[in-house]
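Mind looking at a prediction? Sequence and model below.
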Amino acid sequence: MSDFNQPLGGNDMPRFGGPATMMRLPAQQSAAGLDAAFIGIPLDIGTSNRPGARMGPRQIRDESRMLRPYNMATRAAPFDSLQVADIGDVPINTFHLPKSIDIISDFYDEVLSHGCVPLSLGGDHTATLPVLRAIAKKHGPVGLIHIDAHADVNDHMFGEPIAHGTPMRRAQEEGLLDSRRVVQIGLRGTGYSAEDFDWCRDQGFRVVTAEQCWHKSLEPLMAEVREQMGDGPVYITFDIDGLDPAFAPGTGTVEAGGLTMPQGMEIVRGAQGLNVVGGDLMEVAPPYDPSGNTALMGATLLYEMLCILPGVKHRD
């Protein structure tokens, strides 16, 4: 791979300087010639509680300046293996959510036309629906690894069919998901009814509540998930509120008792070997993240997603 593909190193430019791109990678206008691309979706008009996730992509990029190219734990060398760049943000319509949904799906149609794997920086979780529409158009119904405090299967929110609490229900109804290969990890908290997670189970989704994850490694779970996913296309969507607020307070709808950051990394690393066709990290809200730690956790998880993409070589 050429030097163009490498993140700007901390010994070449102080980490508080350089381009404000993901990992200080080169910027590019389109996905042409890329194997993978980081894309911001600065959307938060689908949120129901605290806004601010529109600033998530910018803050994730800023905190990503701490990340270096080689994964010391897994030995992954993504930038020696794939051509990667940051292709900027989707130009959403700040005042019209339905129009933004169409803008996002059209943008991802173009990205996918180049054979590029998108890794998205959110932005509220509404945006995963139009991304999945584009992904399914190219790959057919996908398996889904969904990490979240919430199932996001509301039928509506204030009468609206599309918001950040509805994307997984719409995706299932639209045939975007292979329901036999959907797992939701980290669900927890209080509900509007005792049956709130049962709709997921009725669809054939595997539901792994946060309580089932407490005090244990998730490597055994991910071995089962890999078996469940098989060889078919897989999409990873990670809502940062899947992590406990002790690790990620900067989000709009926090819930106690969530996953640890090491567990979040185990989940993503546990997807290595799968046919991962895209991923996203959603719901980072910088106004509630004064230390920047939530955005750094998000940047780290996106880097880990890059490291498990097909074609990434691992050093001996």
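On my side now, so go ahead. Quantities reported herein were computed from a predicted structural model and do not represent experimental measurements.

And the strands in the stretch 201-316 of the chain, which stretches?
206-209, 233-239, 275-282 (DSSP state E, counting those that start in this stretch).

now for those strands, which one comes closest to residue 58?
In terms of Cβ to Cβ, the element of the strands of the stretch 201-316 of the chain nearest to residue 58 is strand 275-282, at 13.6 Å. Using the backbone N, CA and C atoms, a C-beta is placed for each residue, glycine as well.

circling back: residue 181 is nearest to which of the strands of the stretch 201-316 of the chain?
Comparing the strands of the stretch 201-316 of the chain by Cβ to Cβ, strand 233-239 comes nearest, at 7.4 Å.

That closest one pairs with which strands?
strand 142-147 (parallel), strand 275-282 (parallel) (DSSP bridges).

So which residues make contact with that strand?
Contacts to strand 233-239, defined as Cβ atoms under 8 Å, 6 or more residues apart in numbering, come from residues 125, 128, 132, 135, 139-140, 142-150, 152, 181, 251, 264, 267-268, 271, 274-283, 301, 305.

can you give me how far it is from the chain middle?
Chain-centre distance of strand 233-239: 6 Å, with Cα atoms, centre = their mean, to the nearest Å.

C-alpha coordinates for it, PDB please?
Presented in PDB, the C-alpha positions along strand 233-239 are these (Å, rounded to 0.1, in the frame of the first residue of the first chain):
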ATOM      1  CA  PRO A 233     -23.200 -10.900   4.700                       C
ATOM      2  CA  VAL A 234     -23.100  -9.300   8.100                       C
ATOM      3  CA  TYR A 235     -23.600  -5.700   9.300                       C
ATOM      4  CA  ILE A 236     -22.500  -4.500  12.700                       C
ATOM      5  CA  THR A 237     -24.400  -1.600  14.300                       C
ATOM      6  CA  PHE A 238     -23.100  -0.400  17.700                       C
ATOM      7  CA  ASP A 239     -25.100   2.200  19.700                       C
END
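
follow-up on the earlier one: now tabulate the strands of the stretch 201-316 of the chain in a markdown table and tack on mean neighbour count.
Formatted as a markdown table, those follow (neighbours: other Cβ atoms under 10 Å):
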| stretch | mean neighbour count |
| --- | --- |
| strand 206-209 | 17 |
| strand 233-239 | 25 |
| strand 275-282 | 26 |
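
Same list (those strands) but as TSV, adding mean pLDDT and distance to residue 26.
Converted to TSV, the strands of the stretch 201-316 of the chain look like this (pLDDT from 0 to 100; distance: least, Cβ to Cβ, whole Å):
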stretch	mean pLDDT	distance to residue 26
strand 206-209	98	38
strand 233-239	98	24
strand 275-282	98	20
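
closest to residue 107 out of those?
Taking Cβ to Cβ, strand 275-282 is the member of these nearest to residue 107, at 12.9 Å.

for the strands paired with strand 233-239, which one sits closest to residue 187?
Short answer: strand 142-147, nearest of the strands paired with strand 233-239 by Cβ to Cβ, at 9.0 Å.

And the contacts of the helix or strand following that closest one?
Using DSSP states H and E, the helix or strand that follows strand 142-147 in sequence is helix 167-173. Contacts of helix 167-173 with the rest of the structure, by Cβ under 8 Å, 6+ apart, involve 125-126, 128-129, 132, 144, 146, 151-155, 161-162, 177, 179, 182, 184, 199-200, 203.

quick one: helix 167-173 to chain centroid distance?
With Cα atoms, centre = their mean, you get 16 Å for helix 167-173.

how about that helix: buried residues?
For helix 167-173, a neighbour-count test (16 or more other Cβ atoms under 10 Å) marks 167-172 as buried.

mind giving me TSV with those and columns for pLDDT and distance to residue 10?
Below are the buried residues of helix 167-173 laid out as TSV (pLDDT from 0 to 100; distance: Cβ to Cβ, whole Å):
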residue	pLDDT	distance to residue 10
167	97	37
168	98	39
169	97	44
170	98	42
171	98	39
172	98	44
